[in-house]
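> Using only what follows, build the 3D model:
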Amino acid sequence: MSSTTRAWMVAGTVGLVEALKDQGFARWNYTIRAIHHHAKSNLRSLSQTHNLSSPATVAATGAIQEIRAKQHESEESLRKVMYLSCWAPN
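Below you'll find the model as predicted:
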């Protein structure tokens, strides 16, 4: 890229940023920070939510654990097959 093209790109970028500042776009940064601070201070964390579990959540967690156990068994079976196919006598 030539130096004049780069200069025009920089000038255009600076102009765009200044135009967005004039339109109040920079004020969104304060708004987003305020919303984040409010959510962080007033909403429960994920660990607190797990401590106050409902029966439905406990049942769903049990189902997920069963699925993970079956998945682990199938992975172990596949691991055994791969081991035997690589190291067992042919």
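> for the helix ranked longest in the chain, what is the average pLDDT?
Ordering each helix of the chain by length in residues (DSSP state H) puts helix 55-87 first. With pLDDT averaged residue by residue, helix 55-87 scores 82.
> Go ahead and measure how far it is from the middle of the chain.
Centre-to-centre, helix 55-87 and its host chain are 25 Å apart (C-alpha atoms, centre = their mean, to the nearest Å).
> helices or strands next to it in the packing?
Helix 55-87 makes packing contacts with no helix or strand when contacts are defined by 3 or more C-beta pairs under 8 Å, 6 or more residues apart in numbering; DSSP states H and E. (Glycine included, C-beta is placed from N, CA and C.)
> Count the residues that sit near residue 21.
Residue 21: 11 surrounding residues under other C-beta atoms under 10 Å.
> Look up how far residue 42 lies from it.
Here the criterion is C-beta to C-beta, to the nearest Å. By it, residue 21 lies 31 Å from residue 42.
> and the host helix or strand of residue 14, how far out from the chain's middle?
Secondary structure assigned from DSSP states H and E places residue 14 in helix 3-22. A distance of 32 Å separates the C-alpha centroid of helix 3-22 from that of its chain, computed with C-alpha atoms, centre = their mean.
> Using PDB, write out the CA atom coordinates for that helix.
Included here for helix 3-22 are C-alpha records, laid out as PDB according to Å, rounded to 0.1, in the frame of the first residue of the first chain:
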ATOM      1  CA  SER A   3       1.900   6.100   1.800                       C
ATOM      2  CA  THR A   4      -0.800   8.300   0.400                       C
ATOM      3  CA  THR A   5      -3.300   5.500   0.700                       C
ATOM      4  CA  ARG A   6      -2.300   4.800   4.300                       C
ATOM      5  CA  ALA A   7      -2.500   8.500   5.100                       C
ATOM      6  CA  TRP A   8      -6.100   8.700   3.700                       C
ATOM      7  CA  MET A   9      -7.000   5.600   5.700                       C
ATOM      8  CA  VAL A  10      -5.700   7.100   8.900                       C
ATOM      9  CA  ALA A  11      -7.400  10.400   8.200                       C
ATOM     10  CA  GLY A  12     -10.700   8.700   7.500                       C
ATOM     11  CA  THR A  13     -10.400   6.600  10.700                       C
ATOM     12  CA  VAL A  14      -9.700   9.700  12.800                       C
ATOM     13  CA  GLY A  15     -12.600  11.500  11.200                       C
ATOM     14  CA  LEU A  16     -14.900   8.600  11.900                       C
ATOM     15  CA  VAL A  17     -13.900   8.400  15.500                       C
ATOM     16  CA  GLU A  18     -14.400  12.200  15.900                       C
ATOM     17  CA  ALA A  19     -17.800  12.000  14.300                       C
ATOM     18  CA  LEU A  20     -18.900   9.100  16.600                       C
ATOM     19  CA  LYS A  21     -17.700  11.200  19.600                       C
ATOM     20  CA  ASP A  22     -19.800  14.100  18.400                       C
END
